[in-house]
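Trainee: Predicted structure and sequence below. I'll ask about it afterward.
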Amino acid sequence: MASPTSSTYRRLGRLRRSYGPFAVVTGASDGIGRAMALQLADAGFGLVIVARRKALLDELAVDLQKSSGTAPLVICADLSVGEEVARIDEATRHLDVGILAAVAGYGTSGPFIDGKLSDELGMIDVNCRAVAQLTHAFAGRFAARKRGGIVLMSSLVAFQGVPGAANYAATKAYVQTLAEGLRVELKPLGIDVLASAPGPVLSGFGARAGMAISGGQTPDEVAIGTLDMLGRRTTVRPGFLAKALEASLMVLPRSGRAAIMARVMAGLTAH
C-alpha cells in the first residue's frame, strides 16, 4: 500500500477522503494518463486502467502493483467504439469508483482536407463522444453516492481556432465547454469537475499527431498540477509553460490567437 508518509499521499490524500477508494484512468498506457495513474496509486487509490495497447497496460499494472501493493483492474478497450466504452462502466460496477480521469485522446495535424476522414472522425469519437459517454455514466453513479470527481483533458488549443490542427482544437473546445457547464450542473450533487488545459507535453502524443515537439511539460508535471486542483478550480493550466502561454495569448482577440497558433503549428509540422 502507499505510505501515508509519502509526499504524494500527503498532498493528494484529500482526494481519496473526498471522493472514495477507486479511480478510473483512460489513456493510461502512456504520457499523462500513465503519470496520473501512478500519482493516484501513490495517493492510495485502487486503480482501473484503460487503453488500447494491452502490452503497455500490463507493464503499467506491474509497476502499480510494485508501488502500491495492489493489482489494478486492466481494461483493454478501443474508445472509438461505443460498445467498448460502455464495457468500462459495466466492468467497474462492483467497485466504489470516486474519480474518473478521462485522459485518452489523440490529435492530427496538417491541412484538414488533406487528412484521412477516418482519422478525423475517429478523433471526434475518442476525444468527444467517448468523453461524453463515460462522463454521463460515471456522473450518474457519482450523483447516486453524492460525491465524485471528474477530470477532463482540455488543451491550450481549446480557446481559439488552430489552423493546421483545426479538428483537434475543435474537439478540445468541446471538452472545455462541457467541463465548464458540468462544473456548475454537478456541484450541487457533490461532484467536482475539472478541465485541465496543458500546453505542449513531451509524450507519445506528438508522434501520433505528426508533430515534432522538442520542448514542453513532462507528463508528471501535468498530472500533479491537474490532480492538485481537482475540487478547487474549473480550469487549470498545469505548469509554468501552460500559464506563460496563456498569458501571452489571452490578451489577444480570438482572430489574433488563431493567427499565432497557425505559425506555431507550422513550426511543429515543418519536418
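Mentor: Right, received. Where do you want to start? Numbers count the residues shown, from 1 in each chain.

Trainee: From here on, just use CA atoms for contacts and neighbour counts.
Mentor: Noted.

Trainee: where does the spatially most central residue of the chain land on pLDDT?
Mentor: For the chain, residue 103 is the residue whose C-alpha lies nearest the centre (C-alpha atoms, centre = their mean; 2.5 Å). As predicted, residue 103 sits at a pLDDT of 98.

Trainee: close enough to count as contact, it and residue 153?
Mentor: Yes. Counting by C-alpha atoms under 8 Å, residue 153 is a contact partner of residue 103 at 5.7 Å.

Trainee: backbone phi and psi for residue 165, please?
Mentor: Note on residue 165: its backbone torsions stand at phi -150, psi 40 [degrees, to the nearest 10].

Trainee: longest helix of the chain?
Mentor: helix 166-186 (DSSP state H).

Trainee: what helices or strands is that helix leaning on?
Mentor: With contacts defined as 3 or more C-alpha pairs under 8 Å, 6 or more residues apart in numbering; DSSP states H and E, helix 166-186 has these neighbours: helix 117-124, strand 148-153, strand 191-196.

Trainee: Redo the ones you listed as a markdown table? Include mean pLDDT and distance to residue 137.
Mentor: Conversion of those to a markdown table gives the following (pLDDT from 0 to 100; distance: least, C-alpha to C-alpha, whole Å):
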| stretch | mean pLDDT | distance to residue 137 |
| --- | --- | --- |
| helix 117-124 | 96 | 19 |
| strand 148-153 | 98 | 11 |
| strand 191-196 | 98 | 13 |
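
Trainee: Specify the stretch among those that is closest to residue 169.
Mentor: The closest of the helices and strands packed on helix 166-186 to residue 169 is helix 117-124. By C-alpha to C-alpha, the value is 10.6 Å.

Trainee: Where do the helices of the stretch 1-150 of the chain begin and end?
Mentor: 7-19, 31-42, 54-68, 82-91, 117-124, 130-145 (DSSP state H, counting those that start in this stretch).

Trainee: and the longest helix of the chain with helix 130-145, angle?
Mentor: 10 degrees (axes from the mean of the first three to the mean of the last three C-alpha atoms, to 10 degrees).
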